[in-house]
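Chemist: Here is a sequence with its predicted model. Questions after.
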Amino acid sequence: MNYPFWEIPFLGSGWVIGIIAIFHVMISQFAVGGGLYLPMAERKAMRMTDPETRAAWLKQLASHSRFFLVVTAVFGTVSGVGIWFAIGLTHPEATSTLIHNFVFGWAMEWVFFLVELATVAVYYYTWDRIDPKLHLKVGWVYGVASAFTLIIINGILAFMLTPGDTWIAVAGTGQEASKFWNAFFNPTYWPSLLLRTCVCCSLAGVWALITSSRIDADKQPALKTSMVQWSVKWLVPSFVAMPFLMIWYYMMVPASQQALLTLGIDTINAGTFSAVTRMALVIIITSATIVGVAYYLAYRNPLDFNLSHAMAVLLLALIATGAGEYSREMLRKPYVIGRWMYSNGVRVPSVARINQEGYLTHSNWVWSGSDSSYSRGEAIFRGECGSCHTMDGYRPMRQLLAGRDRANIGSFVLMLHDYKPDMPYRRFMPPMVGTQQDVNDLSDYLNFQVNPPAAPRVLTAQK
Amino acid sequence: MTQKSVASSVYEWVDERLGLSELVAFARHKTVPVHSQTFWYYWGGISLFLFLVQCFTGVLLLVYYRPGAEAYESVRQITFVMHFGWLIRSAHSWSANLMIFSIMVHMFSVFFMKAYRKPREFGWLSGMALLGLASVFGFSGYLLPMDELSYFATKVGLQIPVAIPFVGAAIANMLRGGPEVSEFTVQRFFALHVVVLPALFLPLLGFHLWLVQRHGNAAPPSVEALPPEQRKSMPFMPNFLRKDLAMWLISLNILALLASVFPWTLGKPFDSLAPAPAGIHPEWYFMSPFEMLKLLGFVFSGKYAEFGEIAGILLFSLGIMLWVLIPFYDTRKPTGQRARATHYFGLLAIFALLATTILGYWTIR
C-alpha cells in the first residue's frame, strides 16, 4: 500500500468524510440554488409596478443575501476544504486516481468557485451602491458561476459510481486522462445533474422560506404573502420531476448496485447491508412531508407561516438531503470507484498480484516493531477493513462476529478471500486480499478482539 | 349534475341523518387560548396520533404473530423474513415508547397549567387511568417477542407484586399462568394486550376526548387572571386543527426516522434454565419505580428486607394516590392564587422520576 492508514476509533474514517460531505452538500447545493433564486427574485422585483412593493421586496432580498453570503461563503468554503483533507487521509488511493484523471476538471471548478466567491461579495456589498441593472448582472454572473461548479463536480461524483466502459478499458494503462470526457459524461451524469439541480432549487426555496417566515405578518401582510408563496414555488417543480429523475438514475445504475437498494426490504439482520433501503424510506417520507407542509402551511396560509414551521421544513429538507447523499455513497459498494477500485482502496486488477505476494509486502507504512501474527493482522485490518468497520462503533466487528470462535472467524475471512460468485457478502463487501498467511493473521487478530483470552487465574497460594 | 352538486347532495343526505352541520358549527365556534404556553396543548393530540399508529401497526402485526410456543419464531419471521415486517414492528415499538413519553409530557403540562381544577377533575382522572393502561399495554407488549431480554425483564417485573402481603403471590401466579414465566404467560399477556386493554382503553379515551370538547382547553392561572379583553384565542377550526395536524406530521416523521435508522431488533430466544444475562432492566418508563424499590431494598436490608419491600410498595402507592387525587385538594382559590405547594410537588415528582431513571441506567451499565 502506498499510503498510511488513518484509523478513527468508534466513528470510522468513512464517517469523517460523510459528516463533512453531507454538511458541505447541504450548503453548496443551497449556494447553487440560491445563485438562481437571488437574481430571479431581484428581476421579478424590478419589474413590479408598485414602488412600495418593489422597495419592500428589494429590502427583503438584501437581507436574505447577507444571510446567504455568510452561510455559503463561510461555512460552504470551510467545509469544502475539509472534504479535501478528509478524503486525502481516508481514501488516498481513490483521491490520487481522481486527481490524475480530473485535474483539469478541478482546476476549472476552482476558477468558477473563485468567481462565485468574488461575485457573491460584490453582490451583497453593492446593494443601492451601483446601478440596479448592473447589480442584477452581478447576480447573474454569480448564478452562472455557481451552476458551473455543480456541472463540473457532478461529473466527478457520478464517475465514481459509473465510470463507464470506455474509461474502464484504459484504466491502469496510464492513458486514463485521455478519456476525460468519456469519464466525465458517464452513464449517470445527466440524471444526477438534473436531480441535483432539483435539490438545489428546493433548498433555495426552503432557505428563502426561513427569511420570509420572519417578516411580520401584521405589519407587512402583502410582502409576507408574496415572498412566502414565491419561495414555495421553488419547491413544486422539483418535487414533480424528482420521482421521474430518480427512476432514470436508478435505471442507469448497474444491476449489482440496484440490488443494494432492495436488501433491506425483508430484513434488518446485522451484516446484511440493509441501511440503504431504510435511508430510501427516510427520503420518501421526508420529501412527501415537505410537499404537504409547504403547500398547506406555507402556500395556502402564508401569514400564519412562522419561523418554527420554516425550521421544521428546513430540518426535513436537510434530513432528506443527508439521507440521499448517504444512499448515493452506499450504492457504490463494494467499490469506491465503480469496477476499478474497491472501497478499501484495493484496485480490482491488483487482487491476483496481492494474493500472490501478500498484502503488506509493498507497504512502506506498516509499523514493523513486532512481526507477530497479531501485529500483521492488525495492520491488515486497518488497511482492508478500517475504511468501513470499527471495532466497537460503526459496523462493529466485535458485535458482528460475536459468538464465532477462531475456526469460524477463519472460515468467514477465507470466504471473503475466495470471493466466490454466489457469496452473499460479495454484493457489498470487497474481497479480503492477501496470501493464506494474511488470512491467518487477520483471523488471529479478529479472534483476539472478539474472544480475548481470559486473564490467568491467580491461585490463593500464589497471592 | 356537476361534481360539486353531487358532493353537496351526498353531504346533505348524510347531514340529515347524522347531524354533521351541528358538529361543524360546534368546531367553528370552539376556540383555543393563545398564550406563551400554547405549545403544550399539542401533546394530547400527539399522544392520540401515536395511539392510532399503535392500532394500525398492531393490527398488521396481529396477522402474523402467533402467541404461545411459537411466539419467538413468529416475531423472528416478522423481523427478518417478511417484506417490511421489520418496519411495522419497529414503528409499533417506537410509537409505543413515544406515546408513553408524550402522555407523560401531556400530564405534566396539564399539571403545571392547573388544568385539573374544577370543572376538569374527570379529565385528569380519566387521563391518569389512560396513562396507567398505556403502561400495562407496554408491560404486556414487551413480553410478546419472548426473547431473552423480554423474558427475564418480565420475570423480574412480576416479582414486584409478590411483595404485596397475603395476595401478592396469588396475583403473580395468576398473571404468569403458573409459578414461572412461560408460554402460558405469553398467551395471557397477548389476550390482555389485544382484547382486554383495548376494550378498556377505547371507551375511556372517548370519554376523555368528549370531556376536552365539553370543557375546552384550560388556560394557565396567570392567563386566567387577565381581564377578558387581554386574553387571546384562535378558532379550533381551521387554525388549531391545522397546527395540530402539522404536529402529527412531525411526529410521523420522527417515528419514521427512528424506525428506519434504529430498527427494533430481536434478541436471542429465551432459555428458562440459563442464568439471567447481565444488564437486565425494565423499559425506561418502569425504570423509576424499579430503582426506587431497589433503593429502599438497600435501606432496609437483612432482617428488615421484607418490611422494606412492603414499605416501598406502600410509599409508591401513596405517592401515586396523592398525584391522582390532586384535583380534590388543590382546588381553585377564590383569589386566583397559584398553589405553590402543589407546584413544588410537581417539580419534585419530575426530579424524582429523572434522577431515579438516570441512576437506574447508570447502575446497570
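Modeler: Yep, it's here.

Chemist: can you list the residues of the stretch 151-300 of chain A near chain B?
Modeler: Counting by C-beta under 8 Å from any C-beta of the partner chain, the stretch 151-300 of chain A comes close to chain B at A:265-269, A:278-279, A:281-282, A:285-286, A:289, A:292-293, A:296-297. Every residue, glycine included, has its C-beta placed from N, CA and C.

Chemist: now do 6 Å
Modeler: Where the stretch 151-300 of chain A comes near chain B, counting by C-beta under 6 Å from any C-beta of the partner chain, the residues are A:265-269, A:278, A:281-282, A:285, A:289, A:297.

Chemist: Give me the neighbour count for B:Gly68.
Modeler: When neighbours are defined as other C-beta atoms under 10 Å in any protein chain shown, B:Gly68 has 13 of them.

Chemist: So which residues make contact with stretch B:206-216?
Modeler: B:119-120, B:122-123, B:126 (C-beta atoms under 6 Å, 6 or more residues apart in numbering or on different chains).

Chemist: Please narrow the residues of the stretch 151-300 of chain A next to chain B to those residing in strands.
Modeler: In strands, judged by DSSP state E, none of these are found.

Chemist: ok so A:Pro4 is a helix residue?
Modeler: No: going by DSSP: H, G, I helix; E, B strand; the rest coil, the assignment for A:Pro4 is coil, not a helix.

Chemist: For chain B, see how far away the residue sitting nearest the centre point of chain A is.
Modeler: With distances taken as C-alpha atoms, centre = their mean, the residue of chain A nearest its centroid is A:Glu325 (4.2 Å). In this view, A:Glu325 and chain B are 15 Å apart by C-beta to the nearest C-beta, to the nearest Å.

Chemist: Against which helices or strands is the helix or strand hosting A:Ala320 packed?
Modeler: Using DSSP states H and E, the element containing A:Ala320 is helix A:307-331. Helices and strands touching helix A:307-331, by 3 or more C-beta pairs under 6 Å, 6 or more residues apart in numbering or on different chains; DSSP states H and E, are helix A:13-46, helix A:189-213, helix A:275-293.

Chemist: In that helix, which residues are buried?
Modeler: For helix A:307-331, burial by neighbour count (16 or more other C-beta atoms under 10 Å in any protein chain shown) applies to A:309-310, A:312-314, A:316-331.

Chemist: per-residue confidence averaged over that helix?
Modeler: Averaging pLDDT along helix A:307-331 yields 91.

Chemist: Helix or strand next in line after that helix, which one?
Modeler: Counting by DSSP H and E, what follows helix A:307-331 is strand A:335-337.

Chemist: low pLDDT regions in the chain?
Modeler: Assuming you mean chain A. For chain A, the stretches with pLDDT under 70 are A:1, A:367-370, A:455-463.

Chemist: Let me rephrase: I mean chain B.
Modeler: Residues of chain B that meet the criterion pLDDT under 70 lie in B:1, B:333-338, B:365.

Chemist: What's the local residue count around B:Phe351?
Modeler: Considering only other C-beta under 10 Å, B:Phe351 is surrounded by 10 other residues.

Chemist: residues in contact with it?
Modeler: Applying C-beta under 6 Å, 6+ apart, no residues contact B:Phe351.

Chemist: So which bits of the helix or strand harbouring it are buried?
Modeler: Assessed by DSSP H and E, B:Phe351 sits inside helix B:340-363. For helix B:340-363, a neighbour-count test (16+ other C-beta under 10 Å) marks B:342, B:345-346, B:349, B:353, B:356-357, B:359-360 as buried.

Chemist: so how far is A:Leu114 from A:Ala121?
Modeler: With distances taken as C-beta to C-beta, to the nearest Å, A:Ala121 is found 11 Å from A:Leu114.

Chemist: now the helix holding A:Ala320: how far from the chain's centre is it?
Modeler: In terms of C-alpha atoms, centre = their mean, to the nearest Å, the centre of helix A:307-331 is found 12 Å from the chain centre.

Chemist: How about A:Thr277: what's its closest non-neighbour residue?
Modeler: Closest residue to A:Thr277 apart from its sequence neighbours, by C-beta to C-beta, 6 or more residues apart in numbering or on different chains: A:Gly264 at 2.9 Å.

Chemist: residues near that neighbour, how many?
Modeler: By other C-beta under 10 Å, the residues close to A:Gly264 number 24.

Chemist: same check, this time on the one 5 residues further on
Modeler: The criterion is other C-beta under 10 Å. On that basis, A:Asn269 has 16 neighbouring residues.

Chemist: Give me the three-state assignment for B:Pro67.
Modeler: Judged by three-state DSSP, the three-state class of B:Pro67 is coil.

Chemist: for chain A, what are the nearby residues on chain B?
Modeler: So far as C-beta under 6 Å from any C-beta goes, chain B lies against chain A at B:80-81, B:83, B:86, B:246, B:249, B:253, B:256, B:260, B:263.

Chemist: The same query, at a cut-off of 8 Å, please.
Modeler: B:79-87, B:90, B:239, B:242, B:246, B:249-250, B:252-253, B:256-257, B:260-261, B:263, B:265.

Chemist: Can you say which of those residues are buried?
Modeler: Buried residues within the residues of chain B next to chain A, counting neighbours by 16+ other C-beta under 10 Å: B:79-80, B:82, B:84-87, B:90, B:239, B:242, B:246, B:249-250, B:252-253, B:256-257, B:260, B:263, B:265.

Chemist: Please report the residue range of the longest helix in chain B.
Modeler: Assignment by DSSP state H gives helix B:85-112 as the longest helix of chain B.

Chemist: the inter-axis angle of the helix or strand just after that one versus helix B:85-112?
Modeler: For helix B:85-112, the succeeding helix or strand toward the C-terminus, using DSSP H and E, is helix B:121-143. If you take axes from the mean of the first three to the mean of the last three C-alpha atoms, to 10 degrees, helix B:121-143 sits at 150 degrees to helix B:85-112.

Chemist: Any idea how many residues pack against residue 93?
Modeler: Since you didn't name a chain, this refers to chain A. A:Glu93 has 18 neighbouring residues, counting by other C-beta under 10 Å.

Chemist: Switch to chain B, please.
Modeler: 22.
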